[in-house]
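> heads up, no residue letters with this:
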């Protein structure tokens with residue numbers, strides 16, 4: 001059983017609640033006497049990539065280490081309000097704000113659609129090597145690559161100008177430039 005289904009089972013049992021604004025609350029907490037105490041605690045936490053996650057820990061019994069699991073809040077909210085996420089698909093935040101988990105801001109999407117949505121609708125992802133912070137290609141290198149690609153040079157010829165990059169990296173940069181020439 002995966003973490004999402006396990007958590008949704010706990011929601012049905014009344015341990016947790018999910019609000020229409022995407023907030024997730026813990027309703028019951030185990031007390032020191034082995035019973036449960038009514039509490040309403042927000043258990044959503046901001047994650048480093050902007051996503052909201054829920055961390056929950058369960059005791060397995062005396063002398064055993066507790067189990068700690070995490071689940072992304074947008075997946076829980078979508079499953080609770082709209083139904084199961086089909087296999088091979090993911091959840092897209094329509095407004096691009098990863099911490100906005102309102103059900104009306106979440107939609108089912110393919111991974112390809114998510115990238116297209118971020119690139120062409122939101123304008124937040126541009127897959128051009130000189131704009132990628134991990135790239136070794138500078139702005140001047142990119143201008144040279146554009147000039148050579150526009151002249152119709154083959155990838156193998158272009159790769160000779162960029163000794164610091166692999167042939168595969170150059171091929172990817174040239175293909176992306178040629179695909180996106182009129183779009184960016």
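Now that the structure is in, tell me what you want to look at. Because the structure is predicted, anything quoted here is derived from the model rather than measured. Numbers count the residues shown, from 1 in each chain.

> next SSE after the helix or strand bottoming out on mean pLDDT in the chain?
Lowest by mean pLDDT, DSSP states H and E among the helices and strands of the chain is strand 36-42, with a mean of 67. On the C-terminal side of strand 36-42, the nearest following helix or strand under DSSP states H and E is strand 44-46.

> can you name every helix or strand that that following strand contacts?
Secondary-structure packing of strand 44-46 (3 or more CB pairs under 8 Å, 6 or more residues apart in numbering; DSSP states H and E): strand 52-58. Glycine gets a C-beta too; all of them are placed from N, C-alpha and C.

> for the strand it packs on, name the packing helices and strands.
helix 3-13, strand 44-46, strand 67-72, helix 73-82.

> and the contacts of the shortest one?
In other words, strand 44-46. 23-24, 52-55, 73, 99 (CB atoms under 8 Å, 6 or more residues apart in numbering).

> equivalent analysis for the third one, please.
Surrounding strand 67-72, the residues in contact under the criterion CB under 8 Å, 6+ apart are 3-4, 6-7, 47, 51-58, 60.

> repeat the analysis, applying 6 Å as the threshold.
Under the criterion CB atoms under 6 Å, 6 or more residues apart in numbering, residues 3-4, 7, 51, 53-55, 57-58 lie in contact with strand 67-72.

> now the longest one
Residues outside helix 3-13 that contact it (CB under 6 Å, 6+ apart) are 16, 69, 71, 75, 79.

> buried members of the residues you listed into ChimeraX, please.
Buried members of the contacts of helix 3-13, defined by 16 or more other CB atoms under 10 Å, are picked up in ChimeraX with:
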select :16,71,75,79
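
> need the contacts of helix 3-13 in CSV (columns: distance to residue 42).
Compiled in CSV, the contacts of helix 3-13 are given as follows (distance: CB to CB, whole Å):
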residue, distance to residue 42
16, 11
69, 18
71, 15
75, 18
79, 19
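
> circling back: for the contacts of strand 67-72, work out which two are farthest apart.
51 and 58 (22.2 Å; CB to CB).
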